[in-house]
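Novice: just coords:
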């Protein structure tokens, strides 16, 4: 069964506020989690990789002070969009995997963020 | 760098039609190849995968064969259903064990009754 829960599924916030998105692994220890951003009619763009207990590794062009990622436990990673602006409106998806050999990658259902 | 190119949609078919969604890739060595499906409002679900040349991945009537010589992993289904309407993403995982996936842009499929 499923296995990665992402919350909230959608959120609307005002410009300038911060929004936190949670990604939880339900029945396995997620040593590595990935955060993606999906623009309309485009592919998923990897934003960052987080390993439990370590600082996240951000992809080129992604502002780490803007998109704060915390992976403090083996079952939870959070993405906080700070001082959100309308251009941050997007679909954010997390995925998680364990450190077991050939462990599959499980995706959350995504979060639709709308900044007004 | 590694990349995935898949056929642009949208694709609209009638129920029971044959489906092909083309996918080609650029990567060094032998990446693993995947097809993911995204139903409206949901995250991605793994549809099928192949980890070495000539492997055929299959699931729910969908198939794709890893063709090293043409660097392709085309998705096919002999008879589509309305419930197959979704966005399909081709992806690769570079050789070497990194979990990072490189995705294509996605192809939206609509199947009409």
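Specialist: Thanks, I have the structure now. Source: prediction; values computed, not measured.

Novice: alpha carbons only for contacts and neighbour counts from here, please
Specialist: OK.

Novice: Poorly predicted segments of the chain, please.
Specialist: All of this is about chain A. Along chain A, the model assigns pLDDT under 70 to residues A:1-2.

Novice: my question was about chain B
Specialist: Applying pLDDT under 70 to chain B picks out residues B:97-99.

Novice: Contact residues of it facing chain A?
Specialist: Within chain B, the positions near chain A by CA under 8 Å from any CA of the partner chain are B:41, B:42, B:43, B:44, B:45, B:89, B:99, B:103, B:104, B:105, B:106.

Novice: Now restrict the residues you listed to buried residues only.
Specialist: Buried members of these, counted by 16 or more other CA atoms under 10 Å in any protein chain shown: B:42, B:43, B:44, B:45, B:89, B:99, B:103, B:104, B:105, B:106.

Novice: could you dump those to a markdown table with secondary structure?
Specialist: As requested, those are exported to a markdown table (DSSP: H, G, I helix; E, B strand; the rest coil):
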| residue | secondary structure |
| --- | --- |
| B:42 | coil |
| B:43 | coil |
| B:44 | strand |
| B:45 | strand |
| B:89 | strand |
| B:99 | coil |
| B:103 | strand |
| B:104 | coil |
| B:105 | coil |
| B:106 | coil |
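
Novice: now, the most widely separated pair of the residues of chain B next to chain A?
Specialist: With CA to CA as the measure, no two of those lie farther apart than B:41 and B:99, at 24.5 Å.

Novice: Do a quick rundown of the strands in chain A.
Specialist: Applying DSSP state E to chain A gives strands spanning A:4-7, A:10-13, A:19-25, A:32-38, A:44-51, A:57-58, A:67-73, A:76-81, A:90-97, A:106-107, A:111-115.

Novice: what does chain B give?
Specialist: With DSSP E as the criterion, chain B has strands at B:3-6, B:11-14, B:19-21, B:23-26, B:32-38, B:44-50, B:56-59, B:62-65, B:75-77, B:86-93, B:102-103, B:107-112.

Novice: Deepest-packed of those strands, please.
Specialist: By mean neighbour count, with neighbours taken as mean count of other CA atoms under 10 Å in any protein chain shown, strand B:86-93 ranks first of the strands of chain B at a mean of 25.

Novice: And the contacts of that strand?
Specialist: Contacts to strand B:86-93, defined as CA atoms under 8 Å, 6 or more residues apart in numbering or on different chains, come from residues A:43, B:3-4, B:6, B:23, B:25, B:31-40, B:99-110.

Novice: That strand: partners in the sheet, and parallel or antiparallel?
Specialist: Strand B:86-93 has its sheet partners listed here by DSSP bridges as strand B:32-38 (antiparallel), strand B:102-103 (antiparallel), strand B:107-112 (antiparallel).
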